[in-house]
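Asker: Build me a model:
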Amino acid sequence: MLLGDGMDRRSLTHEILSQLPLAQQTTAWGTLGTIKPYLGFDAESDVQYLVEAIAGADHGAILDVLTNRTNAQRQQITKVFQALTKQDLLKSMGAALSGNLERVIVGLLKPPAQYDAHELRAAMQGMGTDEDALIEILSTRSNQQLSESLAFYQRDFKADPEKDIASETSGWFKDILLALAKGKREHYTGIIDYALIQQDAEALADPGARSKGAGERTWISIFTQRSPEHLSRVFGQYQKSHGLEVEETICKRFRGDGQAAMLALASVCRNTPRYFAERLHNAMKSEHAPPLPAQGPGADDKVLIRILISRSETDLLSIRSEFKKRHGKSLYSCLQVETRGDYQAALLALCRAEDL
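Answerer: The predicted structure follows:
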């Protein structure tokens, strides 16, 4: 179905966009993301283009629009598409696409908080729990982002996310995730509290022998409530005072998933882009999955898709830099090797460019 150019349609589009929250109409340029606001953005023109692309199964045209718009602009496109075609854009894309390409496009069209909510749900459904996905999402989102994601989780799945986490995990790992889900991490004000740095470093060094598990609970409390900027300084003070990196002590105090979660938290606090760079690198090691000729040598596509979508407007440029620095090759070239077809084109469009 093609759309006309009548004044009534332009008026309808203007009315729809005027009713959107201001936060959805503007996006700051001052980020280290690869996706920036599209200049001269026209939601109605994009809808017309997508209608024709869907009808003609033109995947390249779909990618051309959706990987060159911010999420806020995609939300406007979604609303205008619904108003002008009386159809749901997500469902239309689901019917027109399949496989990993569909996963990328559907992920791009959801609001970030809803996307995270659905990723959390997927990590706790089916055979086994995806512990790495849970800790990745819960440890790298702001308090507000977590609050919004858990609200979407409750709305879309009619379930309590904290109860689901509690039922799907156990031990210290469960305690870590539930503490993160509370969204109580302190906001960094720019003021360095040297006394608190010393206090926290000493608290981490206390063996907690007076009460079973007291030491571990202290570690979890500090790691999940202090700001990353503060924790980075605490780690430095801990090493200076006790001759150990916090990671060494984590490996002695914790086991299994709890240990992995605490090590991930330490990595996030030390250098978040580096944490994501390592996640991406590990996702492209061939031993993580059997060969899939249609998609590539065996990448963990869920990880690639989630990180490239979720970081494309925040710090993907920094992640690319860390990836090149640590592995001597660019993220872009690795994606070229590990993926194929339209799916490859989608990920490369989000990654944006080669790092020489």
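Asker: pLDDT on stretch 253-273, on average?
Answerer: The average pLDDT within stretch 253-273 is 97.
Asker: which of the residues in that stretch are buried?
Answerer: Using 16 or more other C-beta atoms under 10 Å as the test for burial, stretch 253-273 gives 253-254, 257-270, 272-273. For the C-beta atoms, the positions are set from N, CA and C on the backbone; glycine is no exception.
Asker: Domain map for this structure?
Answerer: Annotated domains of the chain cover 7-29+41-96, 112-181, 194-270, 273-351 [automatic domain parsing].
Asker: and of the ones you listed, who's closest to Arg103?
Answerer: Closest to Arg103 of the domains of the chain, according to C-beta to C-beta: domain 273-351, at 5.5 Å.
Asker: Next, the distance between the ends of that closest one.
Answerer: The first residue of domain 273-351 is 14 Å away from its last residue (C-alpha to C-alpha, to the nearest Å).
Asker: per-residue confidence for Ala96?
Answerer: We note a pLDDT of 94 for Ala96 in this prediction.
Asker: can you count the residues close to the nearest residue to it once chain neighbours are set aside?
Answerer: Distance criterion C-beta to C-beta, 6 or more residues apart in numbering; nearest residue to Ala96, sequence neighbours excluded, is Ile54 at 4.9 Å. By other C-beta atoms under 10 Å, the residues close to Ile54 number 22.
Asker: pLDDT-wise, which helix or strand of this structure ranks last?
Answerer: Least confident helix or strand, the chain: helix 22-25 with a mean of 37, by mean pLDDT, DSSP states H and E.
Asker: so how far is whichever helix or strand comes after that helix off the chain centroid?
Answerer: Remark: after helix 22-25, the chain's next helix or strand is helix 43-55, criterion DSSP states H and E. From the chain centre to the centre of helix 43-55 is a distance of 27 Å (C-alpha atoms, centre = their mean, to the nearest Å).
Asker: on contacts alone, who are the packing partners of helix 43-55?
Answerer: Contacts defined by 3 or more C-beta pairs under 8 Å, 6 or more residues apart in numbering; DSSP states H and E place helix 43-55 against helix 7-18, helix 59-66, helix 71-85, helix 89-96.
Asker: Which one of those helices lies nearest to Val337?
Answerer: Checking the helices and strands packed on helix 43-55 against Val337 by C-beta to C-beta gives helix 59-66 as the closest, at 19.7 Å.
Asker: Also compute the angle for the closest one relative to helix 43-55, please.
Answerer: If you take axes from the mean of the first three to the mean of the last three C-alpha atoms, to 10 degrees, helix 59-66 sits at 160 degrees to helix 43-55.
Asker: Show me how far helix 59-66 is from its chain's centre.
Answerer: Here helix 59-66 is found 22 Å from its chain centre; the criterion is C-alpha atoms, centre = their mean.
Asker: And it, what does it pack against?
Answerer: Under the contact criterion of 3+ C-beta pairs under 8 Å, 6+ apart, helix 59-66 touches helix 43-55, helix 71-85, helix 99-109, helix 341-351.
Asker: Was I right to think Ile220 contacts Ala179?
Answerer: Yes - contact status for Ile220 versus Ala179: in contact at 5.7 Å, counting by C-beta atoms under 8 Å.
Asker: of the two, who's got more company?
Answerer: More crowded of Ile220 and Ala179, by other C-beta under 10 Å: Ile220, with 22 against 18.
Asker: hang on, the more buried one in a helix?
Answerer: Yes - membership of Ile220 in a helix is supported by DSSP: H, G, I helix; E, B strand; the rest coil.
Asker: gap between it and Ser149?
Answerer: Note on Ile220: its distance to Ser149, by C-beta to C-beta, to the nearest Å, is 21 Å.
Asker: With Cys351 as the reference, measure out to Leu304.
Answerer: Leu304 sits 10 Å away from Cys351, going by C-beta to C-beta.
Asker: who touches both of those two?
Answerer: Leu335 (C-beta atoms under 8 Å, 6 or more residues apart in numbering).
Asker: Can you name the residues that contact the residue positioned nearest the centre of the chain?
Answerer: In the chain, the residue lying closest to the centroid (C-alpha atoms, centre = their mean) is Ser310, at 3.6 Å. Residues near Ser310 by C-beta under 8 Å, 6+ apart: Pro112, Tyr115, Asp116.
Asker: could you point out where this protein is predicted with low confidence?
Answerer: Residue ranges of the chain with pLDDT under 70: 1-30, 207-212, 286-298.
Asker: Would you confirm that Lys36 contacts Thr70?
Answerer: Yes - proximity of Lys36 to Thr70 meets the contact threshold set by C-beta under 8 Å, at 7.1 Å.
Asker: quick one: which of these two has more around it?
Answerer: Neighbour tally, Lys36 and Thr70, criterion other C-beta under 10 Å: the higher count belongs to Thr70, 21 against 16.
Asker: ok, that one touching Pro111?
Answerer: No - look at Thr70 against Pro111 with C-beta under 8 Å: they stay out of range, at 11.6 Å.
Asker: quick one, whichever helix or strand Lys324 is part of and helix 341-351 angle?
Answerer: Using DSSP H and E, Lys324 sits in helix 316-327. Interaxial angle, helix 316-327 versus helix 341-351 (the same axes, to 10 degrees): 100 degrees.
Asker: Show residues contacting helix 316-327.
Answerer: Counting by C-beta under 8 Å, 6+ apart, 32-34, 271, 273-274, 276-278, 280-281, 307-308, 311, 330-332, 334, 350-352, 355 sit against helix 316-327.
Asker: Any idea how far that helix is from the middle of the chain?
Answerer: In this view, helix 316-327 has its centroid 16 Å away from the chain centroid, taken as C-alpha atoms, centre = their mean.
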